[in-house]
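Colleague: give the three-dimensional model of this entry:
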Amino acid sequence: MIRINIYLAIVIFSFNRIKCEFLRSKGCVTFQEGTTWEFDNDQAILPSVVSSELCATHCFENERCLGYTWYSFIEGSHNICILFDELRNQQSCENCVSGTGPADIPGSCEIEEENLIDYFSAASESECYQLCSQDEACRFYTWFDQSAILFKNECFTFTSCEKVSSCSDCKSGGMSCLDFTCPEYRVLNDPTRLMSHGQGNYCDSMDKNSEDYTTSPDWFGPGWYRFQLPAGGETMPDSTENLGYCGATSPGWVNGHHPSQAGEMRNETVCFKLFNDCSLGRDVSILNCGSYYLYYLLDTPACNLRYCST
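Modeller: Okay, here's the model as predicted:
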């Protein structure tokens, strides 16, 4: 009976989806780099797990798992997956990605009045879980596995799951959002950092290589920084800029993309234009803190270069 109900709902939903567009992104944060939980000897440790996605799959297949941490490298070992049956005392970690497992629901969420958000193809329950996390309205999901006849590898996302029907070829769960805390940071608020400001003699380096240049008044060496007024907007430009702006000779721009989800971090390159668009570069980590971005910035490679805001 549940299969018939879902099929009819899909027909109606597909027609309505042509007329409306659902909100995406900034949903439930289910994974984050650089954080984990207190570890004890009761936690399962899995060696030779080659990716954080595979570690997440192990967590979903373990009924006791509430969260996982995958280390690309820790204490001389590579590709370590830790499964947690209790999440306590969140703390920072290096070379790590952590995520939550779902709140398991026995059966399939039934479709009721307007509780179906969307449906997708998904190769695994963990993929379905991540699809749900990307929609701010999604709180529950049902995923049908490869043995399903009618909805093989299909993921259904819901706003509510008040009624449940039994099934042998599906898994359902509720979202377990990850509480994340952004690190402490310094503020870049010098108004000359604006791309609309002209040339100057500032640079973002504690080791000045010329008496003709001055270390920026809001620069304190490598660390996490946030752009704030009166320095303009809270992001760095993501396209190449001309020389002679931002209170320096060579303004910096992000040669890549900013992370789209809260708690997500991306490693990109800040380029400085001299002889070409990216004559010199510095690695940068960009962290989405929900309402603002943080940048882990290093000293610029020369003292006519500066990090700018737009």
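Colleague: quick one: the helices in the stretch 1-150 of the chain?
Modeller: With helices called from DSSP state H, counting those that start in this stretch, the stretch 1-150 of the chain shows them at 2-17, 52-61, 125-133.
Colleague: mean pLDDT for those: which is lowest?
Modeller: Note on the helices of the stretch 1-150 of the chain: lowest mean pLDDT is at helix 2-17, with a mean of 46.
Colleague: what about residue 50, neighbour count?
Modeller: Neighbours of residue 50 under the rule other Cβ atoms under 10 Å: 12. Where C-beta positions appear, they are placed from N, C-alpha and C, glycine not excepted.
Colleague: let me know whether it touches residue 79 as I believe.
Modeller: Yes: Residue 50 is within contact range of residue 79, at 5.4 Å (criterion: Cβ atoms under 8 Å).
Colleague: show me the residue at the heart of this protein, geometrically.
Modeller: Compute the mean C-alpha point of the chain, and by Cα atoms, centre = their mean the closest residue is residue 264, 1.9 Å away.
Colleague: gap between that residue and residue 81?
Modeller: 20 Å (Cβ to Cβ, to the nearest Å).
Colleague: now do the buried residues in stretch 165-183.
Modeller: 165, 167, 170-176, 178, 180, 182 (16 or more other Cβ atoms under 10 Å).
Colleague: dump the residues you listed to CSV, plus distance to residue 300 and pLDDT.
Modeller: Below are those laid out as CSV (distance: Cβ to Cβ, whole Å; pLDDT from 0 to 100):
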residue, distance to residue 300, pLDDT
165, 60, 93
167, 58, 93
170, 54, 95
171, 50, 94
172, 51, 94
173, 46, 92
174, 47, 91
175, 41, 89
176, 41, 85
178, 34, 75
180, 29, 64
182, 24, 78
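Colleague: OK, contacts around the nearest residue to residue 130 once chain neighbours are set aside?
Modeller: Leaving aside its chain neighbours, residue 130 sits nearest to residue 30 (6.6 Å; criterion: Cβ to Cβ, 6 or more residues apart in numbering). Contact analysis of residue 30 by Cβ atoms under 8 Å, 6 or more residues apart in numbering lists 99-100, 129-130, 133, 175-178.
Colleague: nearest to residue 307 among those residues?
Modeller: Ranked by distance to residue 307 (Cβ to Cβ), the contacts of residue 30 are led by residue 178 at 29.1 Å.
Colleague: wait, the closest one sits on residue 69?
Modeller: No: using Cβ under 8 Å, residue 178 is not in contact with residue 69; the gap is 11.5 Å.
Colleague: now do the shared contacts for the two.
Modeller: Joint contacts of residue 178 and residue 69 (Cβ under 8 Å, 6+ apart) are residue 98.
Colleague: per-domain residue ranges of this protein.
Modeller: The record's domain parsing of the chain by automatic domain parsing lists 24-181, 186-307.
Colleague: which stretch in those domains is the model least sure about?
Modeller: Note on the domains of the chain: domain 186-307 shows the lowest mean pLDDT, a mean of 85.
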